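1. for reference, the sequence and a predicted model appear below.
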Amino acid sequence: MTATDTAPHTTATAPLFAPLTIRGVTFRNRIGVSPMCQYACHDGLATDWHLVHLGSRAVGGAGMVIVEATGVEHRGLISPFDMGIYKDDHVEPLTRIAAFVKQQGAVAAIQLAHAGRKGSTRRPWEGGAVVPAAEGGWQTVAPSPMPFRPEDPPPAELSQAEIRQVVDSFVAATRRAQCAGFQVVEIHSAHGYLLHQFLSPLSNFRTDEYGGAFDNRIRIVLDVASAVRAAWPDTLPLFVRLSCTDWVAGGWTIEDSVELARRLKALGVDLIDCSSGGAALQAKIPLAPGYQVPFASAIRKEAGVSTAAVGLITTPEQANRIIESGSADLVLLARESLRDPYFPLHAAQALGAPVQPPVRYGRAFVS
Ligand SMILES: Cc1cc2nc3c(=O)[nH]c(=O)nc-3n(C[C@H](O)[C@H](O)[C@H](O)COP(=O)(O)O)c2cc1C
């Protein structure tokens, strides 16, 4: 083995640590913390848990930290303990989080969400069943009145006027996100939640202009994206998370995602965050390291828009290869970031990139 074979990557050869600029925002590296519900709120308010949880990952060197799925309406929460951004009281604790994340050199991002028919459920560790009204549960809404699980109560079908209200709720939430100091907004259009429920033929049985043909099923997502883009400053990036396939015959496909990505790019969406699944219980997902990376790669190449890869990305070398190969512009880590909040600092050490811990931690990272 020659010296060159064993030489660690330098900054120039570790693309994972090359900064990225989108609009007026520069990410110090390509590692983002994927949005992760913590089910730790009361009345939708962020708590000290979120400040410490998200703040730790910014301290750990992430280029971006995305706040969990945050409900744009109360009835859009997944569980009663989800984060909300549907009233002005929600802004103050979020402001603290965004400020702290930015102080640590990470980009502060927030995912705006509406759970639709997957709302009003117990927390995962409490079994995830529907919360009855007597215990604070609520009537869910959806494109069509079919429940996600056959045993669940049916959601109410949204009228066209209510669809316009949902779009307005995303806009109001975007304005609050700006007040709180976030630099990136991500629209959650994945995992079988409301916007994805419209996209997928498995959950959208409407016969009006929001259902049926592809152009109709994507209409609400385009409406939300263009209204949010108009409300969000031109200097700040806008992301959309898609489930790039339903993994079910007759469902939403990667070809649909490529076409939707093209349309979203034309509306000023800067990056597609490429996830999958969540629309149907019968989906068979071929879980394997980096199993969703091909979606990020296809959308980046075929729609000409920046992408994030997510899903079973767990090692520095794997993450670096994804960026180096041009499959994605960012990698997002969820569970690995829970296991190791310092993953970016450790990855920099492993790849021979400059390690930049908070100055107060410098003595722990002397090489
Ligand atoms: C605890 C937990 C909470 C999650 N909450 C969200 C969420 O709020 N929004 C979202 O889009 N995805 C959510 N996800 C999915 C992750 O963002 C990510 O896409 C998925 O876990 C795959 O990445 P991983 O293999 O790195 O964990 C969550 C995942 C976990 C483990």
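-> That came through, no problem.
2. ok, now which ones touch the residue in the stretch 51-200 of the chain positioned nearest to the ligand?
-> Proximity of the stretch 51-200 of the chain to the ligand (Cβ to the nearest ligand atom) peaks at Ala69, 3.3 Å away. Glycine gets a C-beta too; all of them are placed from N, C-alpha and C. Ala69 makes contacts with 35, 37, 78, 82-83, 111, 113, 115, 188, 193, as judged by Cβ atoms under 8 Å, 6 or more residues apart in numbering.
3. neighbour-wise, give me the winner out of these.
-> Ala113 (34 neighbours; other Cβ atoms under 10 Å).
4. that one against Val72, yeah?
-> Yes: if you go by Cβ atoms under 8 Å, Ala113 and Val72 touch, sitting 6.8 Å apart.
5. how about the residues of the stretch 1-150 of the chain by the ligand?
-> Neighbours of the ligand within the stretch 1-150 of the chain, by Cβ under 6 Å from any ligand atom: 34-37, 68-69, 111.
6. mind putting those into TSV with pLDDT, distance to Val141 and secondary structure?
-> Listed next are those as TSV, based on pLDDT from 0 to 100; distance: Cβ to Cβ, whole Å; DSSP: H, G, I helix; E, B strand; the rest coil:
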residue	pLDDT	distance to Val141	secondary structure
Ser34	99	26	coil
Pro35	99	22	coil
Met36	98	24	coil
Cys37	98	19	coil
Glu68	99	21	strand
Ala69	99	16	strand
Gln111	99	19	strand
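7. would you turn the residues you listed into JSON lines with distance to Phe148?
-> Formatted as JSON lines, those follow (distance: Cβ to Cβ, whole Å):
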{"residue": "Ser34", "distance to Phe148": "22"}
{"residue": "Pro35", "distance to Phe148": "20"}
{"residue": "Met36", "distance to Phe148": "21"}
{"residue": "Cys37", "distance to Phe148": "16"}
{"residue": "Glu68", "distance to Phe148": "20"}
{"residue": "Ala69", "distance to Phe148": "16"}
{"residue": "Gln111", "distance to Phe148": "20"}
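8. can you read off the pLDDT for Thr11?
-> Per-residue pLDDT puts Thr11 at 45.
9. renumber starting at 9 from here on
-> With the count now opening at 9, the last piece we talked about shows up as Thr19.
10. where do the strands sit along the stretch 59-208 of the chain?
-> 72-79, 91-92, 115-121, 149-150, 164-165, 192-197 (DSSP state E, counting those that start in this stretch).
11. quick one, whichever helix in the chain runs longest and strand 192-197 angle?
-> Secondary structure of the chain read by DSSP state H shows that its longest helix is helix 168-188. In terms of direction (axes from the mean of the first three to the mean of the last three Cα atoms, to 10 degrees), helix 168-188 departs from strand 192-197 by 160 degrees.
12. which parts of helix 168-188 are buried?
-> For helix 168-188, burial by neighbour count (16 or more other Cβ atoms under 10 Å) applies to 171, 174-175, 177-182, 184-188.
13. go on, stretch 60-67?
-> For stretch 60-67, by 16+ other Cβ under 10 Å, it's 61-67.
14. which of the residues you listed sit farthest apart?
-> His61 and Val67 (11.1 Å; Cβ to Cβ).
15. count of neighbours near Gly124?
-> So Gly124, with other Cβ under 10 Å, has 25 neighbours.
16. how many residues are close by the nearest residue to it once chain neighbours are set aside?
-> Residue nearest to Gly124 in three dimensions, not counting chain neighbours: Leu202, with 3.0 Å by Cβ to Cβ, 6 or more residues apart in numbering. Leu202 sits with 30 neighbouring residues when counted by other Cβ under 10 Å.
17. then Pro140?
-> As a burial measure, Pro140 scores 10 neighbours (other Cβ under 10 Å).
18. next up, phi/psi of it, please.
-> Note on Pro140: backbone dihedrals following degrees, to the nearest 10 are phi -70, psi 160.
19. now for Leu102: which residues touch it?
-> Contacts for Leu102 (Cβ under 8 Å, 6+ apart) come out as 54, 75, 93, 118, 184-185, 188, 190.
20. can you tell me which of the residues you listed is nearest Val248?
-> Nearest member of those to Val248, counting by Cβ to Cβ, is Ile118, at 13.4 Å.
21. hey, which helix or strand in the chain has the poorest pLDDT?
-> When the helices and strands of the chain are scored by mean pLDDT, DSSP states H and E, helix 11-14 comes last with a mean of 39.
22. thought the residue nearest to Gly124 was touching His122?
-> Yes: counting by Cβ under 8 Å, Leu202 touches His122, with 4.0 Å between them.
23. mutual contacts of these two, please.
-> Common contact partners of Leu202 and His122 (Cβ under 8 Å, 6+ apart): 84, 174.
24. and the nearest residue to Gln290 once chain neighbours are set aside, how many neighbours?
-> Closest residue in space to Gln290, ignoring its immediate chain neighbours: Val256 at 6.1 Å, by Cβ to Cβ, 6+ apart. Residues within reach of Val256, counting by other Cβ under 10 Å, total 18.
25. distance of Val256 relative to Gln186?
-> Note on Val256: its distance to Gln186, by Cβ to Cβ, to the nearest Å, is 37 Å.
26. could you list the buried residues of stretch 32-45?
-> Applying 16+ other Cβ under 10 Å to stretch 32-45 flags 33, 35-45 as buried.
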